[in-house]
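>>> task: produce atomic coordinates for the following.
(3 chains)
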Amino acid sequence: MGADTVQHLAEAMERMPLVDHHVHGMLPDPSEADLLAALTQAEPPPKSAHVFDSAQGFALRRHCAPLLGLPPFASPDDYLAARRTLGSDEVARRLLRASGIAAYLVDDGHRPDLLMADERMARLAGAPTHRVARLETIAEAVLAQSASGAEFAERLEPALEAAAADAVGFKTVAAHRCGLDLDPSKPTAIELRSAADAWFAETAGHAASAHPAASARPRLTDPTIIRHLVWWTLERGAVLQVHAGFGDADLVLERANPARMQALVAATAGTGGRIAFLHCYPYVREAGWLAHVFPHVFLDVGLAVGFLGANADSVVRDALDLAPFSRVLFSTDAWGVPERVLLGARLWRDAAARVLGGHVEDHGWPIDEAIRVAEGIAWRNAEAVYVRAFVEA
Amino acid sequence: MGADTVQHLAEAMERMPLVDHHVHGMLPDPSEADLLAALTQAEPPPKSAHVFDSAQGFALRRHCAPLLGLPPFASPDDYLAARRTLGSDEVARRLLRASGIAAYLVDDGHRPDLLMADERMARLAGAPTHRVARLETIAEAVLAQSASGAEFAERLEPALEAAAADAVGFKTVAAHRCGLDLDPSKPTAIELRSAADAWFAETAGHAASAHPAASARPRLTDPTIIRHLVWWTLERGAVLQVHAGFGDADLVLERANPARMQALVAATAGTGGRIAFLHCYPYVREAGWLAHVFPHVFLDVGLAVGFLGANADSVVRDALDLAPFSRVLFSTDAWGVPERVLLGARLWRDAAARVLGGHVEDHGWPIDEAIRVAEGIAWRNAEAVYVRAFVEA
Amino acid sequence: MGADTVQHLAEAMERMPLVDHHVHGMLPDPSEADLLAALTQAEPPPKSAHVFDSAQGFALRRHCAPLLGLPPFASPDDYLAARRTLGSDEVARRLLRASGIAAYLVDDGHRPDLLMADERMARLAGAPTHRVARLETIAEAVLAQSASGAEFAERLEPALEAAAADAVGFKTVAAHRCGLDLDPSKPTAIELRSAADAWFAETAGHAASAHPAASARPRLTDPTIIRHLVWWTLERGAVLQVHAGFGDADLVLERANPARMQALVAATAGTGGRIAFLHCYPYVREAGWLAHVFPHVFLDVGLAVGFLGANADSVVRDALDLAPFSRVLFSTDAWGVPERVLLGARLWRDAAARVLGGHVEDHGWPIDEAIRVAEGIAWRNAEAVYVRAFVEA
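Prediction:
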């Protein structure tokens, strides 16, 4: 393809605002250990050399180092030293702003106690944040405040409504808790109540036991309650984000395959709600098929793009196989450190420019159509699915 | 690679006749709604903009528009207008003939009531059609005419024989009906009779109910009867086409994985029959492995090539990973509209030229060997597996 | 990328020693039928034309023919004739030495009765061999010498210790025997004894039966005994090689997915032992995720590289998606014939040069970093995981 064409597409990608429709908060002052932990899904995280010696680590050295005033591929030691010298606020300011993300939809369900307030993140980033409410976290907070399963069942709905008041969407980690192979039927009030009683009894048993941490935070794994939360979200016409594919070892990989949720997806097609499968690796093609056959299904390849580094093209490309282009979204799924935000954005822009540039060159796509597809993924599709203007004109 | 080499390969691909070993009939005069429905596996189909804004839609605008006298990437509205002006027979004539398909093996099992007679399709295409008999459809017709399970069991064999008389092969949609994870054993006469009784009783129950459509067409989902049909086909030394991988939401994706059928495939290796897994996406590599280890297994990536558009190379490439080259076939799996025929053929030629051209350039394949591999997939392998001359000298 | 850069990387790849951490012995004087059988996972092997008409066959004609004094892509008949003329020792000498493999870790568990002594292979190859002990084979030999389950349980530990004395690691074919979806718990002594009793009784029953082959070699398929062997290996801090993904039809493909072993992998993370998933195709990405989240997991794409030929790049590339670079190993998984050794090495060098060269060109990787990653996979990671110097300075 003419170098001019590629250049034109790359420049258009560069100027494009992004809506990061699934991200987490940032650690206020991460230590080096925090940084390493946030850069991996392993627990405990591998040693520094191993974190940096990976596809993501190489991408970090390439793209983040220059934003800290270092040459590309500066050594990990030099990178960590520069980070210390600049201070974590300045690092966050530089990386978040360089990402070109115009709005963040923040799921604060993973270790919110460790993270800075959204307002501070917004200030550092120079871009607004919006809340995504995590369903399991809400239910767990309600249970902790309830004296019985009955009380839980009674208090759940108002708590969900309260969360909805300032949230643009909901998120479920069913993949981590019980797997995505959920029964499709909507639980009846009796089934919900029975599940609530069982969960309360189990948690009360833990609380009465010798292990104090057990009672500190009840953990929702009951598939009936989770199905109830899924149905509740979709029936109110909201967006349900569903973690799918890889993450940490807390999930069983095969049970995080979005195809496992097919029956429940089919059953909820008429609710008015939308389902956004997040990440999906290595099941991107399965998620794309669900988006093809069900009108309310969307997907992103967020987490994967940031980790895959030089091979991010593959998931960006495969996400377009079967999914209508309007059903593909952008996210970083960053947690804790701004490097992951920068990488998610930087790698997506580069991968999309290469993939769509190849389609222009090898498959005759008009360049303005390629840009239109990219803009949809970058931000317009998110505005359509969340029925909300995120990007200022 | 030298531009001459690529050009030579592309030209050889262009002249190559194709045997479309799995296709369906055409709608006689499709409305715009029919066209949109036929271009997607979604039910109901998405809006026009979403059908066209997809990998397949972009490929359609690129490749079909010029055959209707429009520039490449004409707008969907212009395309639909040109289609109306030309009339559906002229559109079919142009697209079918431009496909370069020399023979069509037609599975008429999906909504045959809506489709034109094969003779008319053959006339429009300027190429002969051959019949592929769908096993479930035959069994369902027999049941509808039977007054008991016993009568069904008695009439099934003659009906299958009658179908075989003018069919070049058989097709099963076990993936849609009960999944491919079938028990490997051949049902005994007693097991078949018992399953027939149960199916008859269930259908008779439906017929007696208030819902008239329920009895209109009994739907075979019983795995014992389906296994009987599979064994019957293979033991007579015929070709059994097996839908595998994606399709519409009527199938459970994971249960359409051809690897799920491994035990039954192994059990039938000595029958003399051949199994052709159709489409297989996203399980192309699994199907290729089955073709590698079992001497009677073939595969194609038909449906996927047409839908994936700019990414069709990936499935054309992966299909050659483990399968002996003689076991890979070509199909379009088009249904209803000639656009899908044209796209299946056009995208396959282009993808195969790119993939094999890359192997010539990067892996030293002699160009005549690359052409020989392509010719096998295009038509020679089909002639070998169906033991029939489809292409005129 | 500058042609100089590519050339520099390719030359560095060429000089790199390889540690083949998983290979089998060679047939002393293979007939043509032996050669064809060793070049496929099919049973019985397809005809000569079909073995050569495949991705692996084309790679063989390209890379092995010149080493036998023929032009690249010599015909199969010419290749077989040259092989006869040179004699199998000379062919082995040429191909093994051309592979550049500096050390072989030999699993002799598959038909060792047919294979030459390791010393002879080492002499032909001009490189040392090391032993990998196959757990199931050891257990089967112990059972054959035991007069009861109790005796088996008693003699097993000393036999394992004896094997360990001259082995650098252990191998399990659990994928072939019972699938990788093993219960994670370590069997108790009582559970092991009970399983041993049952296996002994079953084998004794076979031995007493009319079929003499049944007793010739007891076949271990009991998951409890296999889990015991897995735990025994890992708790002694050794390396456990786990066959994963495709192989011959003796395994159920889906049950050979390394992700199926997630629970057992998690349970053994603290043992001090390491797990190396072998081959993994088509589940390379799943294995990479396991290497990402678990500190004791490694992977290779050995068998796949040799078979995929022109498409080997895809698995070499995907193996680096999530796995820390220090967790990726090299193997050929060759069995019986030196062609497979040569192809495993040659195709890996070429694929790695292309993949890493692309990362240098498109993703800014410094060339010395690309070489460092390649050296890790080629041999340094193997030395680290086996805690053993294999390559002479």
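>>> strands of chain A, start to end?
A:18-23, A:101-107, A:129-134, A:167-172, A:239-244, A:274-279, A:297-300, A:328-329 (DSSP state E).
>>> what residues does the fifth one touch?
In this structure, residues lying in contact with strand A:239-244 by Cβ atoms under 8 Å, 6 or more residues apart in numbering or on different chains are A:21-22, A:107, A:132, A:168-176, A:180, A:230, A:233-234, A:251, A:256-258, A:261, A:273-280, A:283, A:287, A:385-386. Glycine gets a C-beta too; all of them are placed from N, C-alpha and C.
>>> pLDDT of that strand, averaged?
Averaged across strand A:239-244, the pLDDT comes to 98.
>>> in chain A, where is pLDDT below threshold?
A:1-3, A:206-216, A:393 (pLDDT under 70).
>>> show me the longest helix that occurs in it.
Longest helix of chain A, by residue count under DSSP state H: helix A:338-363.
>>> buried residues, it. List them.
Buried residues in helix A:338-363, counted by 16 or more other Cβ atoms under 10 Å in any protein chain shown: A:338-360, A:363.
>>> now that helix, how far from the centre of its chain.
18 Å (Cα atoms, centre = their mean, to the nearest Å).
>>> same check, this time on stretch A:322-340
Centre to centre, stretch against its chain (Cα atoms, centre = their mean), the figure for stretch A:322-340 is 7 Å.
>>> what about it and chain B, any contact?
Yes. On the criterion Cβ under 8 Å from any Cβ of the partner chain, stretch A:322-340 is in touch with chain B at A:322-326.
>>> between these, which sits nearest residue B:146?
Nearest to residue B:146, judged by Cβ to Cβ, of the residues of stretch A:322-340 next to chain B is residue A:322 at 39.8 Å.
>>> show me what from the stretch 251-393 of chain A comes close to chain C.
Checking the stretch 251-393 of chain A against chain C by Cβ under 8 Å from any Cβ, the hits are A:252-254, A:281-282, A:307-311, A:314, A:354.
>>> of these, which is the most crowded?
residue A:307 (31 neighbours; other Cβ atoms under 10 Å in any protein chain shown).
>>> give me the neighbour count for residue A:33.
11.
>>> how far away is it from chain C?
Separation of residue A:33 from chain C (Cβ to the nearest Cβ, to the nearest Å) stands at 16 Å.
>>> how about residue A:373?
From residue A:373 to chain C the distance is 21 Å (Cβ to the nearest Cβ).
>>> find the nearest non-adjacent residue to that residue, please.
residue A:325 (5.0 Å; Cβ to Cβ, 6 or more residues apart in numbering or on different chains).
>>> for the closest residue to residue A:118 other than its chain neighbours, what are its contacts?
Once flanking residues are discounted, residue A:118 sits nearest to residue A:129: 4.3 Å by Cβ to Cβ, 6+ apart. For residue A:129, the contact set (Cβ under 8 Å, 6+ apart) comprises A:103-106, A:118-119, A:121-122.
>>> any idea which of the residues you listed has the most stuff around it?
So for the contacts of residue A:129 (other Cβ under 10 Å), the most neighbours sit at residue A:104, 31 neighbours.
>>> in the sheet, who's paired with that residue?
Beta-bridge pairing for residue A:104 (DSSP bridges): residue A:20, residue A:129.
>>> my guess is it contacts residue A:131. True?
No. At 9.9 Å, residue A:104 does not count as touching residue A:131 under the criterion of Cβ atoms under 8 Å.
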